[in-house]
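# structure for the following, please:
(one chain, ligands or ions: 2)
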Amino acid sequence: MASTSSNETVTQREQSIVLEDVKLMYTIFADVPPKTKHLMLELHRSNHMEYLLRGLQQLAPSFCALDANRPWICYWILHSIALLGESIDAGLEDRTIDFLSRCQDPDGGYGGGPGQMPHLATTYAAVNSLITLGDEKSLSSIDRDKIYRFLLSMKDPNGAFRMHDAGEMDVRACYTAISVASVLNILDDELVRDVGNYILSCQTYEGGISGEPGSEAHGGYTFCGLATMILINEVDRLDLATLLDWVVFRQGMEGGFQGRTNKLVDGCYSFWQGGIFALLQRFHTIIGESMTLLDAGQANCADSPQATGESDESDISDGEESLDRTSSGDEACVIQQGARIISKGDGACFFQPGVNFGNVDCKSIDGLAEREPLFNSIALQRYLLLCSQDPGGGLKDKPRKGRDYYHTCYCLSGLSVCQHCWSKDEDSSPLPGAVLGPYFNLLEPINPIHNVVLERYREAQEFFARS
Ligand SMILES: CC(C)=CCC/C(C)=C/CC/C(C)=C/COP(=O)(O)OP(=O)(O)O
Ligand SMILES: [Zn+2]
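Residues are numbered from 1 along each chain as shown. Ligands and ions are numbered 1, 2, ... in the order given. Here you go, the predicted structure:
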């Protein structure tokens, strides 16, 4: 996966096609009689399960596809199934564990397939898959001593990690190494040494984090960098106020998130960007302190739903109105903290970057983080259910795109973040108002740092604490 090195701005035409597609979906939704709206907002659970199981069963007989991504495919499918609260049968589980064991290198770490060179990304995917399967056989198949040696061998003298032997060094490598070490309970000072300095050198002038120093801030890397800083206990070294400012404006009028400034929304960023909010909400005290350093005097959205605590039910029932308001720059901040879109008069719209967080009522940020999410969770759920869902099973980037396992995994992960981010603590069930559509849409909660279902994470924690 290449690093983002330049800001390839999308054309107004590309942007307006997406807005038109999304607007069409929301207009259809707005025109449906109120009593049947919930049918359109339904999560097609059984079709998603069928799509996911078919994928795993096709992979499982020999797991002999030729690509170097097979542990990833396992993770995307298994995690999606776990998010839906389902499991796979014992035979399929055994075959999956055996396959992942064959991907384990004799010197530690997992490759993309049996006999392939160990790689940090596939090691992360394999470990998360085995934690998601979750029983004794699965967890004990991981050779932690060898993984520790592999992680150490990927560490550069500057403290950062390389994806594989002589491979690229980036924030993703730091995250996958530290996430795996933490969840397996093998994280130590040697692995942590100077990782924080590297992540810090990747925080850009926009506030987000790039893949490597000097590149462009991106949601995927910002998630990785922030999660890593939390795991190594150095999160307070980041400029959280500008990071929050950056991520808040990555939510578009479509309700979905873009990965970086001036790019299109995409369902997978529901997790990479939405997950950042889930992480930040744990640190609302720190964020609250950072916010007081900003000039709250600019606050001009005091009547916004966030500031007043009003629900945005009107946005839920009338998507068209929400999108139409994009043509009014004055009203943009009333809708949510998402990026402003300015009408060019010909109907084409673009994101306006660089709006200061002072536009939101900063003084109450600390309180808000406890009460409601710092992004528009309902608008994101609406984007996911109406624009990113294939009713025949699977989820996708945006309306004209096809489904795939990567987007199914990260759209469902983002949906779970949305549903659970209103809860006061990890263990309380969301109130019905937090879940868009029927309550039956509710997914399992995740541990947002590792992106595994919370219950499986806790079981793994317990297992690796005693073994
Ligand atoms: C754990 C792990 C491996 C994390 C990976 C995180 C992640 C998603 C990083 C983003 C990588 C990247 C350069 C995307 C840009 O693609 P693009 O230019 O096609 O998309 P864009 O237009 O949306 O930016
Ligand atoms: Zn995507």
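# how many neighbours does the residue in the chain that ligand 2 sits nearest to have?
Ligand 2 sits closest to residue 268 of the chain, with a gap of 3.3 Å, by C-beta to the ion. In this view, the C-beta of every residue, glycine as well, is placed from N, C-alpha and C. Counted with other C-beta atoms under 10 Å, the neighbours of residue 268 add up to 25.
# go ahead and confirm it touches residue 404.
No - the criterion here is C-beta atoms under 8 Å, and residue 268 misses it with residue 404 at 9.6 Å.
# thinking again about what came up before, name the helix or strand for the spatially closest residue to the residue of the chain closest to ligand 2 that is not a sequence neighbour, please.
Nearest non-adjacent residue to residue 268, counting by C-beta to C-beta, 6 or more residues apart in numbering: residue 410, 4.0 Å away. Using DSSP states H and E, residue 410 falls within helix 405-420.
# do that helix and ligand 2 meet?
No - using C-beta under 5 Å from the ion, helix 405-420 never reaches ligand 2; the gap is at least 5.7 Å.
# please state the offset of that helix from the chain centre?
Offset of helix 405-420 from its chain centre (C-alpha atoms, centre = their mean, to the nearest Å): 7 Å.
# and stretch 133-147, by the same measure?
25 Å.
# for stretch 203-216, same thing?
Stretch 203-216 has its C-alpha centroid displaced from the chain centroid by 18 Å (C-alpha atoms, centre = their mean).
# go on, stretch 15-22?
Distance of stretch 15-22 from the chain centroid (C-alpha atoms, centre = their mean) equals 23 Å.
# in it, which residues are buried?
15, 16, 17, 18, 19, 22 (16 or more other C-beta atoms under 10 Å).
# which helix or which strand is home to the third one?
Taking DSSP H and E as the criterion, residue 17 maps to helix 12-31.
# the helix or strand that that helix is followed by packs against which elements?
Remark: after helix 12-31, the chain's next helix or strand is helix 37-40, criterion DSSP H and E. When contacts are defined as 3 or more C-beta pairs under 8 Å, 6 or more residues apart in numbering; DSSP states H and E, helix 37-40 sits against helix 12-31.
# the helix it packs on and ligand 1, are they touching?
No - counting by C-beta under 6 Å from any ligand atom, ligand 1 is not contacted by helix 12-31; separation bottoms out at 10.2 Å.
# what is the mean pLDDT for that helix?
Mean pLDDT, computed over helix 12-31, is 95.
# could you do stretch 60-78 as well?
Mean predicted confidence for stretch 60-78 is 84.
# now do the end-to-end distance for that stretch.
12 Å (C-alpha to C-alpha, to the nearest Å).
# how about that stretch: buried residues?
For stretch 60-78, using 16+ other C-beta under 10 Å, the buried residues are 60, 63, 69, 70, 71, 72, 73, 74, 75, 76, 77, 78.
# just give me the closest of these to residue 373.
Closest approach to residue 373 among those (C-beta to C-beta): residue 76, at 24.8 Å.
# quick one, helices of the stretch 301-450 of the chain?
Counting by DSSP state H, counting those that start in this stretch, the stretch 301-450 of the chain has helices at residues 305-308, 313-317, 319-324, 329-335, 365-371, 377-387, 405-420.
# lowest average confidence across those, which one?
Among the helices of the stretch 301-450 of the chain, helix 329-335 scores lowest, at a mean of 26.
# name the nearest residue to the residue of the chain found nearest ligand 1, sequence neighbours excluded.
Minimum separation of the chain from ligand 1 (C-beta to the nearest ligand atom) falls at residue 220, amounting to 2.1 Å. Spatial nearest neighbour of residue 220, excluding adjacent residues (C-beta to C-beta, 6+ apart): residue 272 at 4.8 Å.
# what's the neighbour count on the one you found?
Neighbours of residue 272 (other C-beta under 10 Å): 24.
# hang on, the earlier thing: and the residue of the chain closest to ligand 1, that's in a strand?
No - under DSSP: H, G, I helix; E, B strand; the rest coil, residue 220 sits outside any strand and is assigned helix.
# center of this structure, which residue is that?
Centroid-nearest residue in the chain, with C-alpha atoms, centre = their mean: residue 271, separated by 1.8 Å.
# in what helix or strand does that one lie?
helix 269-272.
# who are the packing partners of the very next helix or strand once past that helix?
Following helix 269-272 in sequence order, the next helix or strand is helix 274-281 (DSSP H and E). When contacts are defined as 3+ C-beta pairs under 8 Å, 6+ apart, helix 274-281 sits against helix 219-231, helix 240-248, helix 405-420.
# redo that, cut-off 6 Å
helix 219-231, helix 405-420 (3 or more C-beta pairs under 6 Å, 6 or more residues apart in numbering; DSSP states H and E).
# so what touches the helix or strand containing residue 79?
Using DSSP H and E, residue 79 falls within helix 70-83. Contacts of helix 70-83 with the rest of the structure, by C-beta atoms under 6 Å, 6 or more residues apart in numbering, involve 52, 55-56, 103, 110, 113, 122, 125-126, 128-129, 132, 405-406, 408-409, 412, 416, 443-444, 453.
# circling back: so the residue of the chain closest to ligand 1 sits right up against residue 275, yeah?
No - with contact defined as C-beta atoms under 6 Å, residue 220 does not count as touching residue 275 (10.1 Å).
# can you pull the buried residues of stretch 373-391?
Here stretch 373-391 shows 373-390 as buried, counting by 16+ other C-beta under 10 Å.
# whoops, stretch 447-456 was the one
447, 448, 449, 450, 451, 452, 453, 454, 456.
# is ligand 1 contacted by that stretch?
No - with C-beta under 6 Å from any ligand atom as the criterion, ligand 1 is not reached by stretch 447-456; the gap is at least 8.3 Å.
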